[in-house]
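[1] Structure for the following, please:
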Amino acid sequence: MRVLLIEDDTVLGQAIRDHVAGANHAVDWMQNLQDGEACTRAVGYGLILLDLRLPDGSGIDFLKRLRERGDVTPVIILTAHDQISDRIEGLNSGADDYLVKPFNLDELTARMLAVARRYAAKPNPVIRLGALEINPAERRIMDGTDAIILSSREWAVLDTLLARPGAVVSKARIEEALYAFGSEIESNTVEVYVSRLRKKIGKDRLLTIRGVGYSIGGAA
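    The predicted model follows:
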């Protein structure tokens, strides 16, 4: 999942970014609303983590603008203000959850996954492809009794494909997921990671649609 974090506190922002990235999610961290809004117009995110008090305005106003233009990306508000009125305003403005600072980073991860599952309408996060059992929430893949270990970038590719099982996902969409990891994307980067993923989960499960993109959920 690709996550947008909008938080101006550098210590907390770095801690959240590192923790979420450590759970194999891609994170774009912005420290003001202007940059955050530009990101939402350029990139499709799976989740937004939003501080309410930012140098250039209110996170609530940002959230209202997001919803007014039809953007339904799930949003978790992060704030030091524990007033009931703040919570009500945030939820009424379109937030999906609310965490008061300071909070436990493991609780943040659990809330993120719960919100993501609700949006995907998948209360049971386990996906089965033949003998493979994939649990994206726990970052776990089992082939019978054998565990399959993926790198962060391999998970980024797999998450992108699993968002639309059976459908064709373009190379550009997979590139977008990989860009969030910060390094340059070479012309053959997608092919490299698709090849690595195919070797681990089975070549028949990840299909190449020549000139169009890739699809997961083929023959087991």
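
[2] going forward, measure contacts between C-alpha atoms and count neighbours the same way
    OK.

[3] Report the contact partners of Leu105.
    Taking C-alpha atoms under 8 Å, 6 or more residues apart in numbering, we find Leu105 in contact with Ile16, His19.

[4] give me the low-pLDDT residue ranges for the protein?
    Across the chain, the ranges flagged by pLDDT under 70 are 119-125, 137, 180-185, 218-220.

[5] Show me which residues of whichever strand or helix holds Val190 are buried.
    Here Val190 sits within helix 189-201, counting by DSSP states H and E. By neighbour count on 16 or more other C-alpha atoms under 10 Å, the buried set for helix 189-201 is Val190, Tyr193, Val194, Arg196, Leu197, Arg198, Ile201.

[6] now swap in stretch 199-211 and tell me
    Buried residues in stretch 199-211 (16+ other C-alpha under 10 Å): Ile201, Lys203, Arg205, Leu206, Leu207, Thr208.

[7] before we move on, back to that, and the helix holding Val190, what other elements does it pack with?
    Judged by 3 or more C-alpha pairs under 8 Å, 6 or more residues apart in numbering; DSSP states H and E, helix 189-201 is in contact with helix 152-162, helix 171-179.

[8] so which of those is the most packed in?
    helix 152-162 (a mean of 21; mean count of other C-alpha atoms under 10 Å).

[9] What is that helix packed up against?
    In terms of contacts (3+ C-alpha pairs under 8 Å, 6+ apart), helix 152-162 is packed against helix 171-179, helix 189-201, strand 213-216.

[10] Now render those as JSON lines, adding distance to Val43.
    Shown next, in JSON lines, are the helices and strands packed on helix 152-162 (distance: least, C-alpha to C-alpha, whole Å):
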{"stretch": "helix 171-179", "distance to Val43": "8"}
{"stretch": "helix 189-201", "distance to Val43": "18"}
{"stretch": "strand 213-216", "distance to Val43": "19"}
